[in-house]
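Enquirer: Sequence and computational prediction follow.
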Amino acid sequence: MSGHNKWSTIKHKKAATDAKRGKVFSKIAKEIMVAAKMGGGDPSANITLRALIQKARSENMPADNVERAIKKGTGDIEGVVFEEMVYEGYASGGVAVVVEVLSDNKNRSSSDIKHAFSKHNANLAAQGSVSRIFKRVGQIVVADDATSEDSLMELALEAGADDLSHEDGQFIITTDPTVFMDVVDAIEKAGLPMQMSEMTKVPETTVPVTDKGQAASLMKLIDALEDLEDVQNVYTNFDIADELMEELEG
């Protein structure tokens, strides 16, 4: 599994157990507002909104929060207007970093992100120079005690999934964006609980990280970026060995 995928599932575990839960809800709500504004509040006609509602469900976000975010996006109730921005750069060792932002204050966002990059020995790059190495995919995580690998593999592939891997007590299903909801629907119909389901970005190429100091520095940068109010997602292409990742988690 690439470093980003591993970090994605680690973040999910952290958010489920600590104070970051509220921040997760806030970020999803902002995405829902933007999706509803752009494509309308009907999830059956707005595939992006439908995928985000599924993401909210997998994170146990209250239905009232989801409904309120949709209404803010459609203008049924007053809400903040957010601007979408992307920042790109390189961390130590040439590790690529892409930061997706939704903000009502572009100057604040720019200042905060520049400070985080500078503080953690990373450099911003020209737009498009880094994001081109990432591709957008659907990612679904199912606990491995919920079903057998063969059964889930058959179910997922029949629904159009591209791949299934088994890591750290979890099955990770990867799909093309166009069939993401088809696979989600198939898993739901089978009665299997999903620990995570979202549209994300994964790197085409990865950078191995074997030095503990470099790995720790990368994690501090990612944490600093994700803690910023306006940051929605952080994608990287590091590939840290399992043993080193466990040391850092500890």
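Expert: Alright, I've got the coordinates.
Enquirer: Torsion angles phi and psi at I240?
Expert: phi -100, psi 130 (degrees, to the nearest 10).
Enquirer: Quick check, central residue of the protein?
Expert: The central residue of the chain, meaning the one whose C-alpha is nearest the mean C-alpha position (C-alpha atoms, centre = their mean), is T200 at 4.9 Å.
Enquirer: Would you check that it makes contact with V234?
Expert: No: contact status for T200 versus V234: not in contact, 10.8 Å apart, counting by C-beta atoms under 8 Å. For every residue, glycine as well, the C-beta is placed using N, CA and C.
Enquirer: Report the residue spans of this structure with pLDDT below the cut-off.
Expert: 1-20, 250 (pLDDT under 70).
Enquirer: can you pull out the helices in it?
Expert: Listed in chain order, the helices of the chain (DSSP state H) span 3-17, 21-39, 47-58, 63-74, 106-119, 149-159, 180-189, 212-226, 242-249.
Enquirer: elements contacting the shortest one?
Expert: The one in question is helix 242-249. Applying 3 or more C-beta pairs under 8 Å, 6 or more residues apart in numbering; DSSP states H and E, one finds that helix 242-249 contacts helix 3-17, helix 212-226.
Enquirer: ok, now with 10 Å
Expert: helix 3-17, helix 212-226, strand 238-240 (3 or more C-beta pairs under 10 Å, 6 or more residues apart in numbering; DSSP states H and E).
Enquirer: Extract the C-alpha set from it and format it as PDB.
Expert: These are the backbone C-alpha positions of helix 242-249, laid out as PDB (Å, rounded to 0.1, in the frame of the first residue of the first chain):
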ATOM      1  CA  ASP A 242       5.500  -0.800   8.300                       C
ATOM      2  CA  GLU A 243       8.100  -1.200  11.100                       C
ATOM      3  CA  LEU A 244       9.000   2.500  10.900                       C
ATOM      4  CA  MET A 245       5.400   3.600  10.800                       C
ATOM      5  CA  GLU A 246       4.700   1.500  13.900                       C
ATOM      6  CA  GLU A 247       7.600   3.300  15.700                       C
ATOM      7  CA  LEU A 248       6.200   6.700  14.800                       C
ATOM      8  CA  GLU A 249       2.700   5.700  15.900                       C
END
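Enquirer: re earlier: CSV please, covering the helices of the chain and showing mean neighbour count and distance to Q127.
Expert: Compiled in CSV, the helices of the chain are given as follows (neighbours: other C-beta atoms under 10 Å; distance: least, C-beta to C-beta, whole Å):
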stretch, mean neighbour count, distance to Q127
helix 3-17, 18, 19
helix 21-39, 19, 19
helix 47-58, 21, 22
helix 63-74, 18, 26
helix 106-119, 15, 13
helix 149-159, 16, 35
helix 180-189, 19, 26
helix 212-226, 18, 17
helix 242-249, 12, 30
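Enquirer: Check the burial of the nearest residue to P208 once chain neighbours are set aside by counting its neighbours.
Expert: Leaving out its chain neighbours, the residue that sits closest to P208 by C-beta to C-beta, 6 or more residues apart in numbering is D239, at 5.1 Å. Here the neighbour count serves as a burial measure; for D239 (other C-beta atoms under 10 Å) it reads 19.
Enquirer: what separates D239 from A156, distance-wise?
Expert: For D239, the distance to A156 equals 24 Å [C-beta to C-beta, to the nearest Å].
Enquirer: Equivalent analysis for V101, please.
Expert: Applying C-beta to C-beta, the value for V101 to A156 is 32 Å.
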